[in-house]
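# Generate a structure from the sequence data that follows.
(one chain, ligands or ions: 2)
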Amino acid sequence: MLLNIHNLNIVFPSERGVVQAVKNVSLHVNSGETLGLVGESGSGKSVTALSIMGLLPHPTQVTGEITFHAPNHSILKTQNSKLRGSEIAMIFQEPMTSLNPVFRCGGQVTEAIRLHHSVSKAEARDRALALFEKVRLPDPARIFRAYPHELSGGQKQRVMIAMALAGQPRLLIADEPTTALDVTVQKAILELLRELRAEAGLSMLFISHDLGVISEIADRVAVMRQGEIVETGPVGEVLKNPVHAYTRGLLACRP
Ligand code: ADP
Ligand code: MG
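Residues are numbered from 1 along each chain as shown. Ligands and ions are numbered 1, 2, ... in the order given. This is a model prediction of the structure:
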């Protein structure tokens, strides 16, 4: 087991009282596995992911256990910021969350590499170009010099994936990485993530509101509704024989 979440509760204080966004959530991701986390908008998927990364804004109340079992370390709390971006990396729906519009793509990925590895600028640059190839960007040298706004949505997403891979993570958290893309680009990004998973032995927590997308990439799925996990199991079984009415609803609204 690589990541284990036990009894996670996330509460946001507000003027009108408190909002409990996540209620007693327990889930795990095995090594080499992709866990799909699916649920309607507002069900608590993103805040669950952010809590793993230790990225929730102050003064959010987070209780429960989040542990990360990396082979070289024993058990590590993910609140440990050293894990962020190296052992665990995250990609978002909107690539501009990760990319800075005023810097060229190559420089940003080079910096990300130097953040995690003490290598020379030239070495980091070579590694960045290799990463651009790895994420199947066409003409890596051109993309290296380009600003983010000069790229298509799918290309930006590939640069963001390259940046996430810079620290050689064991776990990739992908929060709706294909939701903003049109269908063909979406398929290509899913294909890339599947390849990376096989090549780099990446484990993944893949978040989507779309069970169809989850069925294309996940081994197991956890279904989230109003902050709670209502159903979990191997993706094939859950799709074939959903136990919870909410899951049947999600299945019915697939295109
Ligand atoms: P999902 O990713 O499943 O669409 P989220 O995890 O973003 O849903 O949100 C879950 C709930 O938490 C929602 O009700 C949302 O309004 C609330 N929420 C998210 N972030 C904050 C925040 N920073 N402050 C207050 N409430 C928040
Ligand atoms: Mg979300």
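# Write out the residues of this structure neighbouring ligand 1.
12, 19, 21, 39, 41-47, 57 (Cβ under 6 Å from any ligand atom). All C-beta atoms are positioned from the backbone trio N, CA, C, and that covers glycine.
# Now do the strands in the stretch 51-200 of the chain.
Applying DSSP state E, counting those that start in this stretch to the stretch 51-200 of the chain gives strands spanning 61-69, 75-77, 88-91, 171-175.
# weakest of these in terms of mean pLDDT?
Among the strands of the stretch 51-200 of the chain, strand 75-77 carries the lowest mean pLDDT, at a mean of 53.
# got JSON lines for the residues of the chain next to ligand 1, with pLDDT too?
Listed next are the residues of the chain next to ligand 1 as JSON lines, based on pLDDT from 0 to 100:
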{"residue": "Phe12", "pLDDT": "95"}
{"residue": "Val19", "pLDDT": "93"}
{"residue": "Ala21", "pLDDT": "97"}
{"residue": "Gly39", "pLDDT": "97"}
{"residue": "Ser41", "pLDDT": "95"}
{"residue": "Gly42", "pLDDT": "96"}
{"residue": "Ser43", "pLDDT": "98"}
{"residue": "Gly44", "pLDDT": "98"}
{"residue": "Lys45", "pLDDT": "98"}
{"residue": "Ser46", "pLDDT": "97"}
{"residue": "Val47", "pLDDT": "96"}
{"residue": "Pro57", "pLDDT": "89"}
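# Mind checking which of the residues you listed are buried?
Neighbour counting with 16 or more other Cβ atoms under 10 Å marks 21, 39, 43-47 as buried within those.
# Mind checking which of those are in strands?
Of these, the ones assigned to strands by DSSP state E are Ala21.
# picking up where we left off before, a markdown table for the residues of the chain next to ligand 1, including distance to Arg127?
Rendered in a markdown table, the data for the residues of the chain next to ligand 1 read as follows (distance: Cβ to Cβ, whole Å):
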| residue | distance to Arg127 |
| --- | --- |
| Phe12 | 39 |
| Val19 | 42 |
| Ala21 | 38 |
| Gly39 | 37 |
| Ser41 | 37 |
| Gly42 | 39 |
| Ser43 | 38 |
| Gly44 | 36 |
| Lys45 | 32 |
| Ser46 | 30 |
| Val47 | 33 |
| Pro57 | 33 |
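# Find the residue ranges of this structure scoring beneath the pLDDT cut-off.
Scanning the chain for pLDDT under 70 picks out 71-85, 255.
# And the helices in it?
Counting by DSSP state H, the chain has helices at residues 45-53, 105-116, 121-134, 140-145, 153-165, 183-200, 211-217, 235-240, 245-252.
# Going by neighbour count, list what's buried in the third one.
Going by neighbour count (16+ other Cβ under 10 Å), the buried part of helix 121-134 is 124-125, 127-129, 131-132, 134.
# for the last one, same thing?
Neighbour-count burial for helix 245-252 flags 246-247, 250 (criterion: 16+ other Cβ under 10 Å).
# For ligand 1, state which of those is nearest.
Leu250 (12.4 Å; Cβ to the nearest ligand atom).
# Compute the distance between the residue lying closest to that closest one once chain neighbours are set aside and ligand 1, please.
Nearest in space to Leu250, with sequence neighbours left out and distances taken as Cβ to Cβ, 6 or more residues apart in numbering, is Leu211 at 4.9 Å. To ligand 1, Leu211 is 14 Å away according to Cβ to the nearest ligand atom, to the nearest Å.
# same thing with Arg220?
18 Å.
# List the contacts of that residue.
Applying Cβ atoms under 8 Å, 6 or more residues apart in numbering, we find Arg220 in contact with 33-36, 232-235.
# Nearest to ligand 1 among these?
Gly36 (13.1 Å).
# Show me what counts as buried in stretch 23-37.
25, 27-29, 33-37.
# Ok, stretch 193-207 next?
Neighbour-count burial for stretch 193-207 [16+ other Cβ under 10 Å]: 193, 196-197, 202-207.
# Using TSV, lay out those together with distance to Ala164.
Shown next, in TSV, are those (distance: Cβ to Cβ, whole Å):
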residue	distance to Ala164
Leu193	11
Leu196	10
Arg197	13
Leu202	10
Ser203	13
Met204	11
Leu205	13
Phe206	13
Ile207	14
